[in-house]
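Colleague: after the sequence you'll find the predicted model.
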Amino acid sequence: MVGTESFFIRTSGCNLRCWFCDTPYASWHPEGQVMAIDALVDRVHGEGPSHVVLTGGEPLLPAAAVNLSQALMDAGFHLTIETAGTIDKPIACDLLSLSPKLGGSAPDPGEHPRWNRLHEERRLPLETMQRLIHAARDFQVKFVVNDQRQFDEAAEIAEALDVKGGNVFIMPQGTTLVELDRAESWLRPLTESVGYHYCDRMQIRWYGNRRGT
């Protein structure tokens, strides 16, 4: 829920390369410090929030992802995992936030031919996504949409995954208030007309397009 106080754990490293990635320090140029799982759990305890969001990069990519998620669950935290759904691991969480990458999300083939190819090969393993959904206590499927074509594609993927409207969230692509307002004028009515949830990019409205949001 928007506004719920949460502790974010961002893993470094990603197996995709979306052109619009807003965390290049966790994908194109991965950085960060190495921390033991026990130390991470202690850090969360020290900060206070009972909700934890495990995100990335791609949080299912690290070898310790399963152990980390289980440790957080065992410690009594409400855990949300934000994933592109391309990696199948027996992951424990309260809420799976699955974000399939749509066509047109790959990096420029001229500048990044290898990553363009890998991105397209990896971005939409429907069977893997279905297994993750079925294993989750609760789930949502979130699509970042830039135009009508992508909205239609998102609806097709939701149908292929057998996901009902109440579990589908549509988020506009954009990094400025002007872009978000322009997108909302046509995308919100369309989204709500088919029973999906419109998910604005509130972190940009509150803090701007900057690191740490």
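Modeller: Perfect, thanks for sending it.
Colleague: which strands or helices does the longest helix seen in the chain pack on?
Modeller: In the chain, taking DSSP state H as the definition, the longest helix is helix 177-193. If you count contacts as 3 or more Cβ pairs under 8 Å, 6 or more residues apart in numbering; DSSP states H and E, helix 177-193 packs onto helix 148-160, strand 168-172, strand 197-198, helix 202-207. Where you see a C-beta, it was placed from the backbone N, CA and C, and this is true even at glycine.
Colleague: just checking, Ala65 touches Ile9?
Modeller: No: at 10.5 Å, Ala65 does not count as touching Ile9 under the criterion of Cβ atoms under 8 Å.
Colleague: Gly103 reaches Asp152, doesn't it?
Modeller: No: counting by Cβ under 8 Å, Gly103 sits too far from Asp152 to count as a contact (10.5 Å).
Colleague: hang on, the earlier thing: and Arg137, which of the helices and strands packed on helix 177-193 is closest to it?
Modeller: Arg137 sits nearest to strand 168-172 of all these, at 17.5 Å, using Cβ to Cβ.
Colleague: buried ones in the longest helix of the chain?
Modeller: Neighbour counts over helix 177-193 (16 or more other Cβ atoms under 10 Å) mark 179-180, 183-184, 187-188, 190-191 as buried.
Colleague: that helix vs strand 168-172, what angle?
Modeller: 160 degrees (axes from the mean of the first three to the mean of the last three Cα atoms, to 10 degrees).
Colleague: what about stretch 86-104, distance to the chain center?
Modeller: In this view, stretch 86-104 has its centroid 7 Å away from the chain centroid, taken as Cα atoms, centre = their mean, to the nearest Å.
Colleague: kindly report the same for stretch 98-114.
Modeller: For stretch 98-114, the distance to the chain centre is 15 Å (Cα atoms, centre = their mean).
Colleague: tell me where this protein has strands.
Modeller: Here the chain has its strands, by DSSP state E, at 6-10, 51-55, 78-83, 95-98, 139-145, 168-172, 197-198.
Colleague: can you list these in CSV and add mean pLDDT and distance to Arg131?
Modeller: Converted to CSV, those look like this (pLDDT from 0 to 100; distance: least, Cβ to Cβ, whole Å):
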stretch, mean pLDDT, distance to Arg131
strand 6-10, 94, 23
strand 51-55, 96, 18
strand 78-83, 97, 12
strand 95-98, 97, 11
strand 139-145, 96, 12
strand 168-172, 94, 19
strand 197-198, 95, 24
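Colleague: and those strands as TSV, adding distance to Cys21 and mean neighbour count?
Modeller: Below are the strands of the chain laid out as TSV (distance: least, Cβ to Cβ, whole Å; neighbours: other Cβ atoms under 10 Å):
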stretch	distance to Cys21	mean neighbour count
strand 6-10	13	18
strand 51-55	12	21
strand 78-83	13	22
strand 95-98	17	20
strand 139-145	11	21
strand 168-172	14	22
strand 197-198	22	16
